[in-house]
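Trainee: predicted structure and sequence below. I'll ask about it afterward.
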Amino acid sequence: MQRVLIIEDEVSLRDGLKDNLEGEGYVVSTASTGKEGLEKGLEEEIDLILLDIMLPGMNGFDVCKKIKSKKLTLPIIMLTAKTKEVDKILGLELGADDYVTKPFSLNELLARVKAVLRRAEIHREAKQKKIDSYEFGNVKLNFVSLEGHKGARKLKLSKREFEILAYMIKREGEVISRNDLLDVVWGYDVFPTTRTVDNFIARIRQQIEDKPSKPKYIQSIRSAGYKLVTKITP
Ligand code: CA
C-alpha cells in the first residue's frame, strides 16, 4: 500500500483529498502547517507528498527544499494557487516532481499522483538492474572492469561516471530528471546540487561524443533533464 502525506492548511481541501485518496486505496496522513508537514515528511515512511505553498509558519517552497535535501527521491507534487508560484517552482529548482494549479479536478490530481509514483518506481528498478557491457557507435563500455573505449582510444571515466552511464543506458530513450541522476551520484558531494549532475554530464560528453559541443548521444531536454539516444532511427 502506498502512503501519501497531504500538507495543506485549508481544512475542506485537506479532508476532501484525504477521503478521495483513501477511497483509491492509499494510506493518508495529513499536516496543516509547514513545520508539522516537514516533521512528518522527514520522520514518517511516505511514498509521496502533496504540498500546498501558502502555509502558516513555513511556506511550501522551504518545506520542499528541506525535505529534498534529506530525501531526494521522495516525490513531491506542489499544489499552487497562482501562476506566479508556478514560475517560482520551475525557476528555483526546488526539486518538486510535479505541480497542479488550484482549482484542480480530482481526476487530474489522481492521474498526476499515479504518474509520479510510477516514475519513482521506474527509477528504483533501473537503479537495481545490473548491466555488464554496452556498445553504441564506436563506443564500448565494460561495467565490470570499468573500462571503456571510443574506437582505439581508452576512455577516462570515473566509477561514478560509469554508474551514470549504466543508469542512462537502462533508461535509454527516456527523459531522465536531474534528481534521478543526482540520486545515482549521491555521496559524491556533501551537498550535491543539480549543477553537480550537469558537470558529470559535461565530462562524460567529452569522453563519448564525437563533438562534445554538439552532443548526439546525451541530449539535453530543456527544464526536464537528459536523454540518452544511442539507437539511430532512420
Ligand atoms: Ca494554503
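Mentor: Thanks, I have the structure now. Numbers count the residues shown, from 1 in each chain.
Trainee: next up, the contacts around K88.
Mentor: Taking C-beta atoms under 8 Å, 6 or more residues apart in numbering, we find K88 in contact with F61. Quick note: C-beta positions are derived from backbone N, CA and C, even for glycine.
Trainee: ramachandran coordinates for the residue of the chain found nearest the ion?
Mentor: Here the chain gets closest to the ion at one residue, M54, 4.0 Å apart by C-beta to the ion. Here is the backbone geometry of M54 (degrees, to the nearest 10): phi -80, psi 100.
Trainee: what sits against it?
Mentor: 9, 60, 81.
Trainee: try I89
Mentor: 61, 78, 80, 96, 99.
Trainee: that one in helix, strand or coil?
Mentor: Using DSSP: H, G, I helix; E, B strand; the rest coil, the structure places I89 in helix.
Trainee: Y226: neighbour count?
Mentor: Around Y226 there are 24 other residues, counting by other C-beta atoms under 10 Å.
Trainee: next up, phi/psi of it, please.
Mentor: phi -130, psi 160.
Trainee: which residues sit in contact with it?
Mentor: 168, 175-176, 178, 181, 201, 218-220.
Trainee: from these, pick the one nearest M1.
Mentor: Distance to M1 across the contacts of Y226 (C-beta to C-beta) is lowest for I176, with 27.7 Å.
Trainee: which residue is the nearest non-sequential neighbour of that closest one?
Mentor: In space, and not counting its chain neighbours, I176 is closest to G225: 5.0 Å by C-beta to C-beta, 6 or more residues apart in numbering.
Trainee: quick check: beta-bridge partners of that neighbour?
Mentor: Beta-bridge partners for G225, by DSSP bridges, are I221.
Trainee: could you report the neighbour count for it?
Mentor: By other C-beta under 10 Å, neighbour count at G225 equals 19.
Trainee: can you show me the strands along this structure?
Mentor: Secondary structure of the chain, counting by DSSP state E: strands at 3-7, 27-31, 48-52, 76-80, 98-101, 133-136, 139-142, 147-150, 153-154, 175-176, 218-221, 225-228.
Trainee: adding distance to R195 and mean pLDDT, write the ones you listed out as TSV.
Mentor: As requested, these are exported to TSV (distance: least, C-beta to C-beta, whole Å; pLDDT from 0 to 100):
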stretch	distance to R195	mean pLDDT
strand 3-7	28	98
strand 27-31	31	98
strand 48-52	24	97
strand 76-80	20	93
strand 98-101	22	90
strand 133-136	27	96
strand 139-142	25	98
strand 147-150	25	98
strand 153-154	28	98
strand 175-176	16	94
strand 218-221	14	96
strand 225-228	13	95
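Trainee: any idea which of the contacts of M54 is closest to E125?
Mentor: G60 (29.4 Å).
Trainee: I'd guessed that closest one sits against L50; true?
Mentor: No - using C-beta atoms under 8 Å, G60 is not in contact with L50, being 10.1 Å away.
Trainee: shared neighbours of the two, which are they?
Mentor: Shared contacts of G60 and L50, defined by C-beta under 8 Å, 6+ apart, are found at 7, 79.
Trainee: turn the contacts of M54 into TSV, columns for pLDDT and neighbour count.
Mentor: Below are those laid out as TSV (pLDDT from 0 to 100; neighbours: other C-beta atoms under 10 Å):
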residue	pLDDT	neighbour count
D9	97	17
G60	93	25
A81	86	14
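Trainee: in helices only, show me these.
Mentor: Within the contacts of M54, residues falling in helices by DSSP state H are G60.
Trainee: which of the contacts of M54 are close to the ion?
Mentor: D9 (C-beta under 5 Å from the ion).
Trainee: please produce TSV containing the contacts of M54, extended by distance to S29.
Mentor: Supplementary listing: those in TSV, determined by distance: C-beta to C-beta, whole Å:
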residue	distance to S29
D9	15
G60	17
A81	23
